[in-house]
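Trainee: Here is my input; please provide its structure:
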Amino acid sequence: MPQTPHSNDPRDNLGEYVLGKDGRPIVDRYGRPVRRRNTGGQQPKRPERAERPERTERPERAERPRQQLPPRAEETRYEPRRTPYAPRAERPTQRPAQRPTQRPAQRPTQRPAQQPAPEPAPMRVSRSRQAASSRVPVERARRRKAPGCTAILGLVVALLLALVLVTDARLTRVDALPDQRIKNTAGTNWLLVGSDSRQGLSEEDAARLGTGGDIGSTRTDTIMLLHLPLSGQATLVSIPRDSYVEIPGYGSDKINAAFSYGGPKLLAATVEQATGLRVDRYAEIGMGGLAGVVDAVGGVDVCVAEPIDDPLANINLQPGCQGLDGPTALGYVRTRATAQGDLDRVARQREFLGALTEKATSPWVLLNPFRFIPLALSIPTMFTVNTGDHVWNLARIALAMRGGLATETVPVGGFVDTEVGNVLVWDDVAAEALFSSLR
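Mentor: Numbers count the residues shown, from 1 in each chain. Got it, this is the predicted structure:
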């Protein structure tokens, strides 16, 4: 039998190599076919390769152009949803025009080509960083708002300071403290005087207020000593105007005569000598001023204990709680047409002063600009203070009365007829005990 020429291709000499189950030569670790060992020149015959189709007729997949590949099942899956491809230039885009408008052919993916590219997925941020980033806009907004709030607050403070300064400038000041002073005592003592002076009132005003008398006269209807301790409750002591005391340089007389003889300075010296308390500050209000303050706050409410009919004071009041306007309130604190005369009057004066202070410092007045501004501008013109006193010193009086204070009247020993008329005599022992507790 003729010998087949030897060929280097293992597929042509399959009989010389060790074949596997699939009929192909077994290769070693270097990829070379393993030859059979020589068994005497006898080799088993293998079926001809022509009986099977050659596997090598099929070109390698790598050598075949990608465009000639048959469509795969993945490509036809989305075919019903596919729309004609639109050139990139026809799409709305923000990219520069010089960039290519057509996309090179690419291998289809599972996402349809006609769908717009999805938004990039947000980065995962920890909760702490997310909370910190969420606080940044809030803090920036606060910083933006802070200048506005600060400007408004500054404007309000500036307006309040301006109002305080204007109010302080409108106060009437006199030299009210004596030249010869007693030694200093505890706390701060205010000498509060209600003058029955008609100065500044026209005849029509005097008739409306029921003041009568000489318009140019100067006397006192109210004398009080307000003691403000360094700590604790304040004390308001009423001094009856008919109290029989020693007036420096004038002898014994009614205490209100000191105001007529020498004005505030002589009255302050008389009070210091009679009580042993050093007068530190002075405040005086006249008849017209008192009525004006009452009208500025919208009236005050008082409780009348007994009927009062006093034509001289121009009032006719019935018992019960009721509101009083300026002229009626002035008559209420001036009248002595009751059983105990001057003693009843000092009690009514303390009651009225407390009611007036409560009304003037109430939110209904302080938070109402139509009440507060006229009141702040009119009150200073009604008060007379010492040269060293200011409006913020007067505010201490309102705060002390608003917070509650102890009220006292100088203990009375009786009434005596003297060369200056019927006078009120103090109980010296009880009066000294009262004044000693305040020194």
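
Trainee: what are the ranges of the helices in the stretch 151-300 of the chain?
Mentor: 203-209, 257-275, 287-296 (DSSP state H, counting those that start in this stretch).

Trainee: Ok, which of the ones you listed comes nearest residue 434?
Mentor: Closest approach to residue 434 among the helices of the stretch 151-300 of the chain (Cβ to Cβ): helix 257-275, 8.7 Å. C-beta here means a position set from N, CA and C on the backbone, and glycine is covered the same way.

Trainee: how about residue 163, what does it touch?
Mentor: Residues in contact with residue 163 (Cβ atoms under 8 Å, 6 or more residues apart in numbering) are 373, 376.

Trainee: And the contacts of the host helix or strand of residue 432?
Mentor: Assessed by DSSP states H and E, residue 432 sits inside helix 428-438. For helix 428-438, the external contacting residues (Cβ under 8 Å, 6+ apart) are 185-187, 189, 227, 235, 237, 275-277, 408, 410-411, 413.

Trainee: Only the buried subset of those residues, as a PyMOL command please.
Mentor: Entered in PyMOL, the line below selects the buried ones among the contacts of helix 428-438, by 16 or more other Cβ atoms under 10 Å:
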select buried, resi 185+187+189+227+235+237+275+277+408+410
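
Trainee: ok, of the contacts of helix 428-438, which one's closest to residue 264?
Mentor: residue 189 (14.2 Å).

Trainee: State the distance from the closest one to residue 182.
Mentor: Relative to residue 182, residue 189 is positioned 11 Å away (Cβ to Cβ, to the nearest Å).

Trainee: intersection of neighbour lists for those two?
Mentor: Common neighbours of residue 189 and residue 182 (Cβ under 8 Å, 6+ apart) are residue 278.

Trainee: how about residue 222, what does it touch?
Mentor: With Cβ under 8 Å, 6+ apart, residue 222 has these contacts: 192, 193, 194, 241, 333, 346, 349.

Trainee: My read is that the third one contacts residue 288, right?
Mentor: Think residue 194. No: counting by Cβ atoms under 8 Å, residue 194 does not reach residue 288; the two are 11.8 Å apart.

Trainee: Least confident of the helices of the stretch 151-300 of the chain, on average?
Mentor: Ranked by mean pLDDT, those bottom out at helix 203-209, which scores a mean of 59.

Trainee: Can I get the contacts of helix 428-438 in a markdown table including distance to residue 178?
Mentor: Putting these into a markdown table (distance: Cβ to Cβ, whole Å) gives the following:
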| residue | distance to residue 178 |
| --- | --- |
| 185 | 14 |
| 186 | 19 |
| 187 | 19 |
| 189 | 13 |
| 227 | 18 |
| 235 | 22 |
| 237 | 19 |
| 275 | 13 |
| 276 | 14 |
| 277 | 13 |
| 408 | 24 |
| 410 | 20 |
| 411 | 25 |
| 413 | 27 |
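
Trainee: out of the contacts of helix 428-438, who's nearest residue 252?
Mentor: Minimum separation from residue 252 among the contacts of helix 428-438 (Cβ to Cβ) is found for residue 413, which lies at 14.8 Å.

Trainee: ok, that closest one to residue 324 distance?
Mentor: Distance of residue 413 to residue 324, given as Cβ to Cβ: 33 Å.

Trainee: what about residue 368, distance to residue 376?
Mentor: 12 Å.

Trainee: More neighbours: those two, which one.
Mentor: Taking other Cβ atoms under 10 Å, residue 368 and residue 376 do not tie; residue 376 has more neighbours (18 against 13).

Trainee: and the angle from the helix or strand hosting that one to helix 287-296?
Mentor: In this structure, residue 376 is located in helix 369-382 according to DSSP H and E. Per axes from the mean of the first three to the mean of the last three Cα atoms, to 10 degrees, the angle that helix 369-382 makes with helix 287-296 is 170 degrees.

Trainee: Could you point out the helix or strand that follows helix 369-382?
Mentor: Assigned by DSSP H and E, the successor of helix 369-382 is strand 383-386.

Trainee: related to what we said a few turns ago, could you dump the helices of the stretch 151-300 of the chain into JSON lines with distance to residue 381 added?
Mentor: Output for the helices of the stretch 151-300 of the chain, formatted as JSON lines (distance: least, Cβ to Cβ, whole Å):
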{"stretch": "helix 203-209", "distance to residue 381": "14"}
{"stretch": "helix 257-275", "distance to residue 381": "18"}
{"stretch": "helix 287-296", "distance to residue 381": "8"}
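
Trainee: So for residue 165, which of these sits nearest?
Mentor: Distance to residue 165, taken as Cβ to Cβ, is lowest for helix 287-296 among these, at 19.9 Å.

Trainee: helices and strands around the closest one, which ones?
Mentor: helix 203-209, helix 326-334, helix 342-360, helix 369-382 (3 or more Cβ pairs under 8 Å, 6 or more residues apart in numbering; DSSP states H and E).

Trainee: ok, now with 10 Å
Mentor: Helices and strands touching helix 287-296, as assessed by 3 or more Cβ pairs under 10 Å, 6 or more residues apart in numbering; DSSP states H and E, comprise strand 188-195, helix 203-209, strand 220-228, helix 326-334, helix 342-360, helix 369-382, strand 383-386.

Trainee: Out of those, flag the one nearest residue 306.
Mentor: helix 342-360 (8.7 Å).

Trainee: picking that back up, among the helices and strands packed on helix 287-296, which is nearest residue 281?
Mentor: strand 188-195 (4.8 Å).

Trainee: Quick check: which element contains residue 149?
Mentor: Counting by DSSP H and E, the element that carries residue 149 is helix 127-169.

Trainee: Quick one: mean pLDDT for that helix?
Mentor: Helix 127-169 carries an average pLDDT of 70.
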